[in-house]
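A.B. asks: pasting the sequence and the predicted coordinates here, then a few questions.
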Amino acid sequence: MSAVEYYYLHHCPSWHGENVEMKVQGTSSEFYPRRNYKVKTKVADADGEKKYVHMYMNEGPFAGKEKQLDWFYFDNYTVGTTKFTMKIDFMESSGSYNVGFANLVANAYTKHPLDDYVAAGAIQEVDNQEITEASSYQEDVQYYYKNSKGNYKEATLSGPEDFAKSSNDLGLKNGTDEVKWYTMVTTYKPGAIENI
C-alpha cells in the first residue's frame, strides 16, 4: 500500500457498503416516529458461516480499483470500527421525561431540597434552646444531668424512682450526688406550612 493510500485509509475515507445490516438502535427508539439506527458492516456471508466486512473504498487513490476496508478510522489516533449509529434525535412528548429527570438531577446536585421549604417559612427554625430544672417526672421526656465538670449530659430515666436518685446513684459517667434533673425547652421562629 502506498503512502497516499495509507494516509487516505486512516483519515476518514469515503466508502460504500454492500450487504450491510441495519437495525433500530435502542429499545425506546423502536416506538418513536423517527428512529435511531445501528449499521453493522461485518455480517455473515450467504451461507451464514463466516462474517465478512462489507465496506469498500472507491474514492481518492482507490478510484477505479475498489478495495475492501477492514476497519473504518476517523483518523490515525482512533481505533477502527465496523459499526455505526445513525442518530436522529429530536424532542417530542414521548421523550420529554428526559428533561424532567435532568432537571431533577440538576436540582439535587445544586441545592438541598429543604432550601425551598425554609425559604417559604414552612420549616420552623430553632430560635432558642434553654435547659431548665425539672420539678417532677414525666413520661417520654429527655432528661439531662449536670456532671462533675459542669456539662449537661443526656440521661435515660426509667420512672419516678430514678428521678428521686442522683446521677451518681444511677452510675452515670462523672455523676454527682446532686438530685437534680433538667429538661431542654426549645422555642421556634414563626413559620406556617400554608406558605408553600
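C.D. replies: Sure, I can see it. Keep in mind that this is a model prediction, so the values were computed, not measured.

A.B. asks: quick one: mean pLDDT for stretch 182-190?
C.D. replies: Regarding stretch 182-190, the rounded mean pLDDT is 83.

A.B. asks: quick one, phi psi at the residue most central in space within the chain?
C.D. replies: Taking C-alpha atoms, centre = their mean, the centroid of the chain lies closest to residue 105, which sits 6.7 Å from it. When read as degrees, to the nearest 10, the backbone of residue 105 gives phi -60, psi -40.

A.B. asks: check residue 186 too.
C.D. replies: Residue 186 adopts backbone torsions of phi -110, psi 130, taken as degrees, to the nearest 10.

A.B. asks: if I look at it, how far off is residue 128?
C.D. replies: Residue 186 sits at a distance of 7 Å from residue 128 (criterion: C-beta to C-beta, to the nearest Å). From N, CA and C alone the C-beta is placed, and that goes for glycine too.

A.B. asks: keeping just the C-alphas, turn stretch 178-194 into CSV.
C.D. replies: Listed in CSV are the C-alpha atoms of stretch 178-194, where the atom choice follows Å, rounded to 0.1, in the frame of the first residue of the first chain:
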residue,chain,number,x,y,z
GLU,A,178,-27.0,16.3,93.4
VAL,A,179,-30.6,15.1,93.0
LYS,A,180,-31.5,17.5,90.2
TRP,A,181,-32.7,16.7,86.7
TYR,A,182,-33.1,19.0,83.7
THR,A,183,-35.1,19.3,80.5
MET,A,184,-34.5,21.2,77.3
VAL,A,185,-37.1,23.8,76.3
THR,A,186,-36.9,24.7,72.6
THR,A,187,-38.6,27.7,71.1
TYR,A,188,-39.0,28.1,67.3
LYS,A,189,-39.2,31.1,65.0
PRO,A,190,-42.6,31.6,63.4
GLY,A,191,-43.5,29.6,60.4
ALA,A,192,-46.5,28.3,58.6
ILE,A,193,-47.0,25.4,56.2
GLU,A,194,-49.6,27.5,54.3
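
A.B. asks: what does that stretch rub up against?
C.D. replies: 121-134, 141-146, 152, 155, 157, 163-167 (C-beta atoms under 8 Å, 6 or more residues apart in numbering).

A.B. asks: stretch 46-61 too?
C.D. replies: Taking contacts as C-beta under 8 Å, 6+ apart, the residues outside stretch 46-61 that touch it are 2, 4-5, 8-9, 13-20, 41-45, 64, 66-72, 82.

A.B. asks: quick one: which of the residues you listed sit in helices?
C.D. replies: Filtering the contacts of stretch 46-61 for membership in helices, criterion DSSP state H, returns 4-5, 8-9.

A.B. asks: I appreciate the help and will end here.
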